[in-house]
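Asks: I would like to see how this sequence folds:
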Amino acid sequence: ADAKAWMLDFLADYRGALIVISHDLDLLDDAITRVIHLDRGADDATGVMHEYKGTYSQYLHAREADEIRMAKQIAQQAREIDRLQTIVDRFGAKATKASMAQSIEKRIARLKEDAPESVEARKVMNLKLPEPPHCGRTVLEASELAVSYPGLDVFEDVTFDVGRGDRLLIMGLNGAGKTSLLRVLAGLTEPVIGSFRWGMDVSAGYYAQEHEGIRSGADLVEHMREATGGLGDGELRSILGMFGLVGEKVFQDASTLSGGEKTKLALAQLVGGKHNVLLLDEPTNNLDPGSRTAVADSLSSWGGTLIVVSHDAEFVEALQPDRALLMPEGTVDHWHDSFLELVTLA
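Replies: Residues are numbered from 1 along each chain as shown. Presented below is the predicted three-dimensional model:
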């Protein structure tokens, strides 16, 4: 957080030129004066670049206006082409009207040739989590957990419990053991002291911020098969499609995906896993603003249990946590909005 604040101040005061790729809205609104939007070309055609002057927020408004304007223009031109084609169909067979029909056909061809390219609308994930399987009232009981490495005691004597449907945010400065605690709960790290016990019929899914579960040599569908079990490829591809992973993309080597695409694949694996508890370690890292909002909205309305590490204040606010676990002390407190000021320090 301190490094981010320093960087934002540095970029805001920098007098040279900046070319930035970022999903950080603070940076995009405070440090830039122009946005270059790259439209994908249709059917592998060359893409188009559009320039917008102003901050990211100003770009969003201008972009939306462009999308509306171009959609109206394209619809109007399509109606005109249909009208002219109706005239051609009516008079084309009559010898006395043949020359008129040919003239109109040339006009139709010119309209099609001069047709404006549609502005690529922002793609928003259509994400809906399945209802979680039922589980016991007590989801998790952890007692006197401690993690240490040679020469480093990460945390000790961490005791807490989680109930069905709870939303617990794990908070603390860098190095306080937030990720280490999630890895203990996910069964990937052994505590040196203490124990924990999952409740009846609990199925916990883990999202790792470094995407350790995504490997080379396997495509997206294969990753989904391994994470879900029993679902057909059609259903797996439907889940991937909710995250915008469609077409030939699903047969791509998963290790070659971008950071944002890896995040979406890992989240898709959780959706297909039919869990009732999710352990999420910085799930919005690498996601664009629209995707972050879609993930937050979906999780906030989900009926399962969430144990989350995040420094994304907007995401945390949308989740509306019930309690906060403060690391490394292991103190549990009821959530209140003043904690939001501490989230970005995590």
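Asks: quickly find the element holding the residue nearest the centre of the chain.
Replies: Most central in the chain under C-alpha atoms, centre = their mean is Ser291, positioned 3.5 Å from the mean C-alpha point. If you go by DSSP states H and E, Ser291 is part of helix 289-300.
Asks: using PDB, write out every CA atom in that helix.
Replies: Taking Å, rounded to 0.1, in the frame of the first residue of the first chain, the C-alpha atoms of helix 289-300 are listed here in PDB:
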ATOM      1  CA  PRO A 289     -12.800  -3.100 -13.700                       C
ATOM      2  CA  GLY A 290     -15.900  -4.500 -15.300                       C
ATOM      3  CA  SER A 291     -14.900  -8.100 -14.400                       C
ATOM      4  CA  ARG A 292     -14.100  -7.100 -10.900                       C
ATOM      5  CA  THR A 293     -17.600  -5.600 -10.500                       C
ATOM      6  CA  ALA A 294     -19.200  -8.800 -12.000                       C
ATOM      7  CA  VAL A 295     -17.300 -11.000  -9.600                       C
ATOM      8  CA  ALA A 296     -18.100  -8.800  -6.600                       C
ATOM      9  CA  ASP A 297     -21.800  -8.700  -7.500                       C
ATOM     10  CA  SER A 298     -22.000 -12.500  -7.900                       C
ATOM     11  CA  LEU A 299     -20.200 -13.300  -4.700                       C
ATOM     12  CA  SER A 300     -22.200 -10.700  -2.700                       C
END
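Asks: quick revisit: what's the nearest residue to the residue nearest to the centre of the chain if we skip its chain neighbours?
Replies: Spatial nearest neighbour of Ser291, excluding adjacent residues (C-beta to C-beta, 6 or more residues apart in numbering): Met125 at 5.4 Å. The way it works is simple: take the backbone N, C-alpha and C, and place the C-beta from them, glycine included.
Asks: that older thread, against which helices or strands is the helix holding Ser291 packed?
Replies: helix 259-272, helix 313-319 (3 or more C-beta pairs under 8 Å, 6 or more residues apart in numbering; DSSP states H and E).
Asks: could you list the residues in contact with the last one?
Replies: The set of residues that contact helix 313-319 without belonging to it, under C-beta atoms under 8 Å, 6 or more residues apart in numbering, is 167, 169, 283-284, 292-293, 295-297, 299-300, 306, 308, 310, 337, 340, 343-344.
Asks: give me the buried subset of those.
Replies: Buried by 16 or more other C-beta atoms under 10 Å: 167, 169, 283-284, 292-293, 295-296, 299, 306, 308, 310, 343, out of the contacts of helix 313-319.
Asks: give me the number of residues near Gly232?
Replies: Burial of Gly232, expressed as a neighbour count using other C-beta atoms under 10 Å, amounts to 10.
Asks: contacts only, for the residue nearest to the centre of the chain.
Replies: By C-beta under 8 Å, 6+ apart, the contact set of Ser291 is 125, 243-244, 260, 264.
Asks: may I ask which two of the residues you listed are separated the most?
Replies: For the contacts of Ser291, with distances taken as C-beta to C-beta, the pair at the greatest spread is Met125 and Gly260 (11.0 Å).
Asks: neighbour count for those two, which is higher?
Replies: Shown here are Met125 and Gly260; by other C-beta under 10 Å, Met125 has more neighbours (22 against 16).
Asks: wait, doesn't Glu169 sit right on Leu325?
Replies: Quick fix: residue 169 is Leu, not Glu. Yes. Using C-beta atoms under 8 Å, Leu169 is in contact with Leu325, at 7.2 Å.
Asks: spit out the contact partners of Val20.
Replies: If you count contacts by C-beta under 8 Å, 6+ apart, Val20 has them with 11, 27-28, 31-32.
Asks: distance of it from Ile74?
Replies: Counting by C-beta to C-beta, to the nearest Å, the gap from Val20 to Ile74 is 32 Å.
Asks: and the angle for the helix holding Ser291 with helix 259-272?
Replies: With axes from the mean of the first three to the mean of the last three C-alpha atoms, to 10 degrees applied, the angle from helix 289-300 to helix 259-272 works out at 20 degrees.
Asks: what is the mean pLDDT for helix 289-300?
Replies: Across helix 289-300, pLDDT averages out at 91.
Asks: tell me which other helices or strands the helix or strand where Asp153 lies touches.
Replies: According to DSSP H and E, Asp153 maps onto strand 152-163. When contacts are defined as 3+ C-beta pairs under 8 Å, 6+ apart, strand 152-163 packs onto strand 138-149, helix 178-185, strand 193-198, strand 305-309.
Asks: paired strands for the last one, with orientation please.
Replies: This points to strand 305-309. The pairing partners recorded for strand 305-309 under DSSP bridges are strand 167-171 (parallel), strand 277-281 (parallel).
Asks: all helices of this structure, in order?
Replies: Applying DSSP state H to the chain gives helices spanning 2-13, 25-30, 56-91, 98-113, 178-185, 220-228, 233-242, 259-272, 289-300, 313-319, 340-343.
Asks: of the ones you listed, which approaches Glu156 most closely?
Replies: Counting by C-beta to C-beta, Glu156 lies closest to helix 178-185 out of the helices of the chain; the figure is 11.5 Å.
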